[in-house]
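Colleague: Okay, predicted coordinates and the sequence, questions at the end:
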Amino acid sequence: MSGLVWGAVIAVPWLLVWLQNKAAGAKRIMDVAAYAALVLFSAIAGVTVTEILVNDTVFMTSVHKVFLNPLFLASGGWLGLYALQRLIVEGIFSGRARRG
């Protein structure tokens, strides 16, 4: 399972770079998805932390309850892959002409 995760972390950002260069609107879709994921990720984290503080239940099980939320995991996963894709574009290919 960890091999699948590592493979995805390496391959998917490069696939996103390729897709961005092949499809005209792909960059905008990725940017909007990243914005939505960041809002969702932040809101879930904020609500969870607020619940923990209000209920005064700072235990290991209650703190890690956020990791049971599939929306939190999916949005965080997308943000990680999107950030790697942006690092590839802005770092490795920063001197090349890009389509926007």
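Modeller: Everything's here; your move.
Colleague: Near Asp56, how many residues? Count them for me, please.
Modeller: Residues near Asp56, counting by other CB atoms under 10 Å, number 7. All C-beta atoms are positioned from the backbone trio N, CA, C, and that covers glycine.
Colleague: try Asp31
Modeller: Residues lying near Asp31 (other CB under 10 Å) number 13.
Colleague: List the residues that contact it.
Modeller: Listed by CB atoms under 8 Å, 6 or more residues apart in numbering, Asp31 has no contact partners.
Colleague: Adjust the sequence numbering to begin at 41 for everything that follows.
Modeller: OK, 41 is where the count begins now, so the last one is Asp71.
Colleague: what helix or strand does it sit in?
Modeller: Element membership for Asp71 (DSSP states H and E) is helix 66-95.
Colleague: Could I get the average pLDDT for that helix?
Modeller: The pLDDT scores in helix 66-95 average 93.
Colleague: so the residue positioned nearest the centre of the chain is in which element?
Modeller: For the chain, the residue nearest the mean C-alpha position is Leu119 (1.3 Å; CA atoms, centre = their mean). According to DSSP H and E, Leu119 maps onto helix 110-127.
Colleague: residues of that helix that come out buried?
Modeller: Neighbour counts using 16 or more other CB atoms under 10 Å place Phe112, Ser115, Gly116, Gly117, Trp118, Leu119, Leu121, Tyr122, Leu124, Gln125, Arg126 of helix 110-127 among the buried residues.
Colleague: That helix to helix 66-95, inter-axis angle?
Modeller: In terms of direction (axes from the mean of the first three to the mean of the last three CA atoms, to 10 degrees), helix 110-127 departs from helix 66-95 by 140 degrees.
Colleague: Many thanks, have a good one.
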